[in-house]
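Peer 1: what would the 3D arrangement of this be:
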Amino acid sequence: MSLFAAPNGVLDKLEKIRRRFLWGGSEEKKTIHWVSWEKVIADKDKGGLGVGSLKSINISLLVKWLWRLRSESSTLWAKVITGVHKLHDKGDDYYSMKSMTGVWNNIAGIKRELEKRGIPHENIIKKHQGGNGISWRCEITRDGKYKVSALRHILEDNGHVVIDSFIWIKEIPLKVSCFIWRAKQGRISTTTALSSRGINLPTTTCCQCNSMEETTDHILVQCVFAKTVTEWIFNWCNVPLISFQTVHDVLDYASNWGTCPKKKKRLLSICYATLWSIWKARNERIFANKRLCATKVVDIVKSTTFLWVKHRGGKRGLNWMDWNILPFKSL
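Peer 2: Numbers count the residues shown, from 1 in each chain. Alright, predicted model coming up:
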């Protein structure tokens, strides 16, 4: 990946393996791919998972060699490349003699890939003439030094766009954050979602209220059980409750509530835990035939978020008694 431009066919096969791994499938076992791969590999700033495409990684690693050739021109390998390809009297964007074959020509050819994607070479590697002589600066980073992650970020921005953003919180376990990310898009394994994908089920009715179709927004927000849990959680937080219809409504309200950034983050963390706990209660009902009452789920939300904030968030001095009264007391 760092020495050769990988053929598109090879990259496609590797991406297929990654997709199977993410969704727990294999060549023998097919699984449902709940979210499009374009959204999965999109940058987190664009609402994706930030996995990144192998093509972008390949390009970014190859461009690093071009940067090193200019910025480390005094090293032996750079002198050899410069001499062999006669770069002394050539332009700044000239890296190899086309008549020659070999690894370096393969690396230098990546400049054409940048041009195809509308990224000027001088934005990556730019020459500066100063009192101390010639120096090279990378225009896409703050410190002027090339970073693979910086170019990869630009390449992903150019290739993948996800309209809806998502807030990732370090206190929240990755498994939970990924679930909320999927739920916000309506891409979790509800009975209606499974049925629409050809899975035969005895019923698609919500197991908590037994009156409505089980969709993502219904089981997590609209169901009487979910509404009761959410109401008690918001009362505990002393936050005004409005009528929510979708998972997006809940998350949007929490992320824009109040003026204190720390309280917004804390409330959003609690909302993540609430939606996760409601889903877990639903699974207990279906798979273990165990019905959890709303008060039990509320207690689970309180204790779960307490442990997350205390241990994952580094708030070792957090007191359970204060937390149980008001989760914002320690802020």
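Peer 1: and the strands in the stretch 1-150 of the chain?
Peer 2: For the stretch 1-150 of the chain, the strands defined by DSSP state E, counting those that start in this stretch occupy 126-130, 133-137.
Peer 1: now name the helix or strand holding Ala281.
Peer 2: Using DSSP states H and E, Ala281 sits in helix 261-287.
Peer 1: show me what that helix is packed up against.
Peer 2: helix 174-184, helix 224-237, helix 247-256, helix 294-307 (3 or more CB pairs under 8 Å, 6 or more residues apart in numbering; DSSP states H and E). Glycine gets a C-beta too; all of them are placed from N, C-alpha and C.
Peer 1: buried ones in it?
Peer 2: Using 16 or more other CB atoms under 10 Å as the test for burial, helix 261-287 gives 263-282, 285.
Peer 1: give me the distance from it to the chain's centre.
Peer 2: Relative to its parent chain, helix 261-287 has a centroid offset of 19 Å by CA atoms, centre = their mean, to the nearest Å.
Peer 1: now do stretch 281-288
Peer 2: Counting by CA atoms, centre = their mean, stretch 281-288 comes out at 28 Å from the chain centroid.
Peer 1: give me the contact list for it.
Peer 2: Identification of contacts with stretch 281-288 by CB atoms under 8 Å, 6 or more residues apart in numbering yields 207-208, 219, 225, 290-292, 297.
Peer 1: ok, stretch 266-276 next?
Peer 2: Taking CB under 8 Å, 6+ apart as the rule, stretch 266-276 contacts 167, 169, 171-172, 176-177, 179-180, 183, 220, 229-230, 233, 237, 239, 247, 250-251, 254-255, 257-258, 301, 304-305, 308-309, 327-328, 331.
Peer 1: again, but for stretch 225-245
Peer 2: 208-209, 217, 219-222, 250, 253, 257, 267, 270, 274, 277-278, 281, 294-295, 297-298, 301-302, 326-328.
Peer 1: please indicate which of the contacts of stretch 266-276 are buried?
Peer 2: Of the contacts of stretch 266-276, these count as buried by 16+ other CB under 10 Å: 167, 169, 171-172, 176-177, 179-180, 183, 220, 229-230, 233, 237, 239, 247, 250-251, 254, 257, 301, 304-305, 308-309, 327-328.
Peer 1: leaving out the residues flanking it, which one is nearest to the spatially most central residue of the chain?
Peer 2: The chain has Leu49 as the residue nearest its centroid, 2.2 Å off, counting by CA atoms, centre = their mean. Leaving out its chain neighbours, the residue that sits closest to Leu49 by CB to CB, 6 or more residues apart in numbering is Val40, at 4.9 Å.
Peer 1: lowest mean pLDDT among the helices and strands of the protein, which one is it?
Peer 2: When each helix and strand of the chain is scored by mean pLDDT, DSSP states H and E, strand 126-130 comes last, with a mean of 80.
Peer 1: pull out the buried residues from that strand.
Peer 2: Residues Lys126 are the ones in strand 126-130 that count as buried (16+ other CB under 10 Å).
Peer 1: likewise stretch 118-134?
Peer 2: Residues 119, 121, 124-126 are the ones in stretch 118-134 that count as buried (16+ other CB under 10 Å).
Peer 1: how far does stretch 19-29 stretch from one end to the other?
Peer 2: The first and last residues of stretch 19-29 sit 13 Å apart, counting by CA to CA, to the nearest Å.
Peer 1: and the gap between Thr101 and Ile107?
Peer 2: According to CB to CB, to the nearest Å, Thr101 and Ile107 sit 12 Å apart.
Peer 1: same question, Gly50
Peer 2: 26 Å.
Peer 1: and those two? Which one has more around it.
Peer 2: Neighbour count, other CB atoms under 10 Å: between Gly50 and Ile107, Ile107 has more, with 23 against 15.
Peer 1: excluding chain neighbours, what is closest to that one?
Peer 2: Ile107 sits nearest to Trp65 (CB to CB, 6+ apart), 4.9 Å away.
Peer 1: I'd guessed that neighbour sits against Asn105; true?
Peer 2: No: the criterion here is CB atoms under 8 Å, and Trp65 misses it with Asn105 at 11.7 Å.
Peer 1: so which of those two has more stuff around it?
Peer 2: Using other CB under 10 Å, the more surrounded residue of Trp65 and Asn105 is Trp65, with 20 against 15.
Peer 1: how close does that one sit to Val10?
Peer 2: Noted for Trp65: a distance of 20 Å to Val10, by CB to CB.
Peer 1: what is the neighbour count of the residue nearest to Thr31 when sequence neighbours are not counted?
Peer 2: In this structure, Thr31 finds its nearest non-sequential neighbour in Gly25, 3.8 Å apart by CB to CB, 6+ apart. By other CB under 10 Å, the residues close to Gly25 number 14.
Peer 1: so what pLDDT did Gly25 get?
Peer 2: At Gly25, the pLDDT value in this model is 80.
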